[in-house]
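[1] Can you look at this prediction? I've put the sequence above it.
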Number of protein chains: 2
Amino acid sequence: MAKNKDKQEFVSFITPRDQDFSQWYTDVITQTQLCDYAPVRGCMVVRPYGYAIWERIQAEMDARFKDHGVENVYFPMLIPESLLLKEQEHVEGFAPEVAWVTQGGGETLTERLAVRPTSETIFCSMFSKWVQTWRDLPMKYNQWCSVMRWEKATRPFLRTSEFLWQEGHTLHATPGEAQEMTLNMLEVYRECAEDVMALPVYVGRKSDKEKFAGARATYSMEAMMQDGKSLQAGTSHNFGTNFSEAYQIQFQNKEGKLQFAEETSWGVSTRLIGAIVMTHGDERGLRLPPRIAPIQAVIVPIAAHKPGVSEACEKLFVELKAAGIRVKLDDRDQVSAGFKFNDWELKGVPVRLEVGPRDLENGVVTVFRRDTLEKSTLPLENLAESVKTLLDSIQQGLYDQAKAFRDAHTYPVETLEQLGEAVEHGFAKAMWCGDRACEDAIKERFNATSRNMPFDQAAHRFGTKCVCCGKPAETVMYFAKAY
Amino acid sequence: MAKNKDKQEFVSFITPRDQDFSQWYTDVITQTQLCDYAPVRGCMVVRPYGYAIWERIQAEMDARFKDHGVENVYFPMLIPESLLLKEQEHVEGFAPEVAWVTQGGGETLTERLAVRPTSETIFCSMFSKWVQTWRDLPMKYNQWCSVMRWEKATRPFLRTSEFLWQEGHTLHATPGEAQEMTLNMLEVYRECAEDVMALPVYVGRKSDKEKFAGARATYSMEAMMQDGKSLQAGTSHNFGTNFSEAYQIQFQNKEGKLQFAEETSWGVSTRLIGAIVMTHGDERGLRLPPRIAPIQAVIVPIAAHKPGVSEACEKLFVELKAAGIRVKLDDRDQVSAGFKFNDWELKGVPVRLEVGPRDLENGVVTVFRRDTLEKSTLPLENLAESVKTLLDSIQQGLYDQAKAFRDAHTYPVETLEQLGEAVEHGFAKAMWCGDRACEDAIKERFNATSRNMPFDQAAHRFGTKCVCCGKPAETVMYFAKAY
């Protein structure tokens, strides 16, 4: 093929997962150009391909928030120190990680301003001004923004000094409404994780030790990565009146009496992109679930100089696009078809359609599925419908595969030795007495933490004694090493 | 109406525009709950109604950027001081307004970090890493984020220490492509301003004095507020190779030689919300152009307890919503119909539909247009289509009214006295010799600045002498007081 000899060759090396999972992750996210390291301590740049995934996540989440009556707002990124200090437990949780603005407009400020690590305190300061009577409730607000936490060890998407997220903050008249909101938002998260990102998750309540600083109860969803570690992929908190008492958020109820408002907050972040990578990726790079993939299908012309090939590709592109498929036609002429195959496999595009003279003669296209690496052919007729069916099948396949892995690596354990062995490979499911001392002992010995407690405890219960201390135990808890 | 006596009364007072335009503005933006003052120096909270307008602006702009091949990204908000210092002119322009992070994670930092006032410097640092050959170009990136400028005098939406914006940053191989991009983005801004926000704008080039710090050329769109002052509503800059030389952004061109890349940047911000308020608002509050209004039509039931009224309102709501109209049914029972009328007029909803027993008997609804304050009736049959036609008519009407005002308050002037008089009421259009000394003299004497120079100078030229110094002049320039 003398024609191709001056075309660019594809050079890419990804560390095998079983050799060094952490290096594999770094290789994948940088070579696929999801992100890059920024010249700012612990910060990353989210590049177009990574940001396009975030935009998909935003769209899916935002529509569901709005269905629940949530409205978007924007609050300042700087929070005066005095405001941050009002709720003691919250301050102690976040103060060590805060970045402070101390100079502005050429002058030293009289009060330090925190770059928001989270925005409960500033939302509360405005809520106390806006809420007067029961008629003002509920207030359901959300903002899409970035937050800053001065982390010591950072990894792109998983833990960076600055990251993108959404934070919902809601106020309610009754404890029942606040609890319903807390769980509704957890359910939105679970649905987006499982149905959109193909991430099977365990949902449940956090222990008191692991809950959010200032919350009465924290709920989370926990996803299992391919190295068996847990990634906390979203949290929803019920504050009760903890913050509203500290910030004096009171309203006149229907009986004319002053009452503290019930409050919730909930968030997901660009961590989810890391979860997608570490759940679905393989030796060739990313595998993106179709519903979250910026490009769902790529068309690669084979022998594009042959009569009819380019035209057929153009026609297919228009047809698939009109059918609502996120499709790309890779008509680059300075690289070979082989280069393109490698490139889009690395980037995890779910479906590749190869269109060459022989395919056209036979009235078909050659189809490559990124999830199974299988090649087959599909008739040109009604191709958009066939591709849609294929995308649905890939979506389901990725979920099933991840769930099978997760289930196979979740181990009910009855002894500490079993627990220690389990968290080397996945999650330990154990009976726990509820004492923090046992959580501390497990953390100390195995570097594993309590993740969450399933909702339907009765259905999950499988013993009567604490895995750690042997005392009577009624609680089922997942333990795992965690990101 | 004994039934209504315990219903909430509407209390609102807006300062008349001709009494104090500035206080009118403050009254409108706070009473309509577009925003509120935050407990942080010079910062505001964007409330749901204001943020919903911003989301409309984002959607309109973002789709057009993407049509031009622009991709969204996210860069860190903190910029190390050493990075900021590389382009001298740029630093001098922004340094006085920077807020600095000096402490993080409980320690004093070895280098100060600027909260981004704009992101040219950090984009450039990554561009220099990402660009190798002509194949990597063009790179067309944009980010939606907030920026921080430590302003002395602040006003919500118009000038705040932190504000929301988008900043586009693009790299090109040739000066021609960069100039085309610069002007294409200015055209996107003009189109969104005029066709979506109903803001007539003058587009043109800034003087060297008024251009962006570090740009070779800056283009702007300038809108006239009802007090005759100019609001710079969007800017687009061509940097040439100014930044790429400072940050070493070089690529190998098709001839194999190293060459500096050509660069542009362009931005609009939440200022646009201020422009909408000050262009269209009246004594009753906001008047929102339908294409940007979060709520385009509100349905108010009259005597909702009478048989059939609630049902008819529900049915209408479903019908209009299905037709793609952003409609709200105001079924609050604790406030009177009069309260609702005032409330939605204050908030600038373009169309109000009143539905009472008599309307239903006659097969009509009563329609109130917010732009003209006219009441009429429309048949229930095909109401969605009639409302759409009405919304188009209101959109056009608001634009025409604003343009008529703008044109009537644009004064061609030939003497400094005329210029001084003109900028008390609107824009002065003057011949200018091009010397900065004349701009300085006009600023000194009248507190008016050069705004921009129309593109088709020949078509606008109306004299041969500079309005200020009397020397030969070939340039037509708009002068005005500005926000």
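    Now that the structure is in, tell me what you want to look at. Residues are numbered from 1 along each chain as shown, chains lettered A, B, ... in the order given.
[2] ok, then the element right after the helix or strand harbouring A:Glu314?
    In this assignment (DSSP states H and E), A:Glu314 forms part of helix A:309-322. Scanning forward in sequence from helix A:309-322 by DSSP H and E, the next helix or strand is strand A:327-329.
[3] right, and the helix or strand after the longest helix along chain A?
    Longest helix of chain A, by residue count under DSSP state H: helix A:383-408. Going down the chain from helix A:383-408, the next helix or strand is strand A:410-413, by DSSP H and E.
[4] Show me what that next one is packed against.
    Counting by 3 or more Cβ pairs under 8 Å, 6 or more residues apart in numbering or on different chains; DSSP states H and E, the packing neighbours recorded for strand A:410-413 are helix A:416-425, strand A:427-432. Yep, even glycine has a C-beta here, placed from its N, CA and C like the rest.
[5] I'd like to know which elements the first one is packed against.
    Other helices and strands packing on helix A:416-425, by 3+ Cβ pairs under 8 Å, 6+ apart, are strand A:410-413, strand A:427-432, helix A:436-446, strand A:475-480.
[6] Same list, these, but as a markdown table with mean neighbour count and mean pLDDT please.
    Below are the helices and strands packed on helix A:416-425 laid out as a markdown table (neighbours: other Cβ atoms under 10 Å in any protein chain shown; pLDDT from 0 to 100):
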| stretch | mean neighbour count | mean pLDDT |
| --- | --- | --- |
| strand A:410-413 | 18 | 98 |
| strand A:427-432 | 24 | 98 |
| helix A:436-446 | 16 | 98 |
| strand A:475-480 | 24 | 98 |
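[7] Throw those into JSON lines and include distance to B:Thr110, thanks.
    What follows is those, written out as JSON lines (distance: least, Cβ to Cβ, whole Å):
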{"stretch": "strand A:410-413", "distance to B:Thr110": "45"}
{"stretch": "strand A:427-432", "distance to B:Thr110": "41"}
{"stretch": "helix A:436-446", "distance to B:Thr110": "33"}
{"stretch": "strand A:475-480", "distance to B:Thr110": "37"}
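[8] any idea how far A:Phe157 lies from B:Val101?
    For A:Phe157, the distance to B:Val101 (Cβ to Cβ, to the nearest Å) stands at 22 Å.
[9] Look at those two and report which has more neighbours.
    Between A:Phe157 and B:Val101, counting by other Cβ atoms under 10 Å in any protein chain shown, A:Phe157 is the more crowded of the two (26 against 23).
[10] Ramachandran angles for A:Asn242?
    For A:Asn242, the backbone dihedrals are phi -60, psi -50 (criterion: degrees, to the nearest 10).
[11] For it, list the residues it contacts.
    Neighbouring residues of A:Asn242 by Cβ atoms under 8 Å, 6 or more residues apart in numbering or on different chains: A:87, A:89, A:214-216, A:263.
[12] List just the nearest of these to chain B.
    Nearest to chain B among those is A:Glu87, at 15.2 Å by Cβ to the nearest Cβ.
[13] mind listing what that closest one touches?
    Neighbouring residues of A:Glu87 by Cβ under 8 Å, 6+ apart: A:120-121, A:214, A:242-243, A:246-247.
[14] again, but for A:Lys209
    A:436, A:439-440, A:450.
[15] Could you do A:Gly93 as well?
    For A:Gly93, the contacting residues are A:212-214, by Cβ under 8 Å, 6+ apart.
[16] now do 10 Å
    A:87, A:117-118, A:211-215 (Cβ atoms under 10 Å, 6 or more residues apart in numbering or on different chains).
[17] Let me know the helix or strand that A:His276 is in.
    Not quite, residue A:276 is Ile, not His. helix A:271-280.
[18] so what does that helix touch, helix or strand wise?
    Helix A:271-280 makes packing contacts with helix A:21-31, helix A:48-67, strand A:162-172, strand A:217-224, strand A:230-240, helix A:383-408 when contacts are defined by 3 or more Cβ pairs under 10 Å, 6 or more residues apart in numbering or on different chains; DSSP states H and E.
[19] burial of the closest residue to A:Ile14 other than its chain neighbours, as a residue count?
    Spatially, and ignoring its direct neighbours in sequence, A:Ile14 is nearest to A:Asp27 (4.5 Å; Cβ to Cβ, 6 or more residues apart in numbering or on different chains). Neighbourhood size, A:Asp27 [other Cβ under 10 Å]: 19.
[20] got a list of what A:Asp27 touches?
    Shown in contact with A:Asp27 (Cβ under 10 Å, 6+ apart): A:12-16, A:20, A:281, A:285, A:346.
[21] among those residues, which ones are buried?
    Using 16 or more other Cβ atoms under 10 Å in any protein chain shown as the burial test, these include A:14-15, A:281, A:285, A:346 as buried.
[22] where's the dip in pLDDT among the contacts of A:Asp27?
    Least confident of the contacts of A:Asp27 in the model: A:Ser12, at 75.
[23] Distance-wise, check A:Glu81 relative to chain B.
    For A:Glu81, the distance to chain B (Cβ to the nearest Cβ, to the nearest Å) stands at 11 Å.
[24] Wait, that residue touches B:Pro39, no?
    No: look at A:Glu81 against B:Pro39 with Cβ atoms under 10 Å: they stay out of range, at 11.7 Å.
[25] Going by neighbour count, which residues of the helix or strand of chain A with the lowest mean pLDDT are buried?
    The weakest-scoring helix or strand in chain A, judged by mean pLDDT, DSSP states H and E, is helix A:88-94 (a mean of 84). For helix A:88-94, the neighbour count (16+ other Cβ under 10 Å) marks A:90-91, A:93-94 as buried.
[26] Of the residues you listed, which is the nearest to A:Pro472?
    Each of the buried residues of helix A:88-94 was scored against A:Pro472 by Cβ to Cβ, and A:Gly93 proved nearest at 31.2 Å.
[27] mind listing what the nearest residue to A:Gln259 once chain neighbours are set aside touches?
    Nearest residue to A:Gln259, sequence neighbours excluded (Cβ to Cβ, 6+ apart): A:Asn253, at 4.8 Å. By Cβ under 10 Å, 6+ apart, the contact set of A:Asn253 is A:133-134, A:137, A:173-174, A:259.
[28] related to what we said a few turns ago, ok, so of the contacts of A:Lys209, who is nearest chain B?
    A:Asp440 (23.9 Å).
[29] How many neighbouring residues does the residue of the stretch 351-483 of chain A found nearest chain B have?
    Residue of the stretch 351-483 of chain A nearest chain B, by Cβ to the nearest Cβ: A:Tyr483 (19.6 Å). Per other Cβ under 10 Å, the neighbour tally for A:Tyr483 reads 19.
[30] next one: A:Gly176
    Here the count is done by other Cβ under 10 Å, and A:Gly176 has 10 residues near it.
[31] correct me, but it touches A:Pro138?
    No: using Cβ under 10 Å, A:Gly176 is not in contact with A:Pro138, being 11.8 Å away.
[32] Now for those two: what residues contact both?
    Common neighbours of A:Gly176 and A:Pro138 (Cβ under 10 Å, 6+ apart) are A:Glu262.
[33] Check the contacts of A:Asp27 and tell me the two furthest apart.
    A:Asp20 and A:Leu346 (18.1 Å).
[34] Thanks a lot, see you next time.
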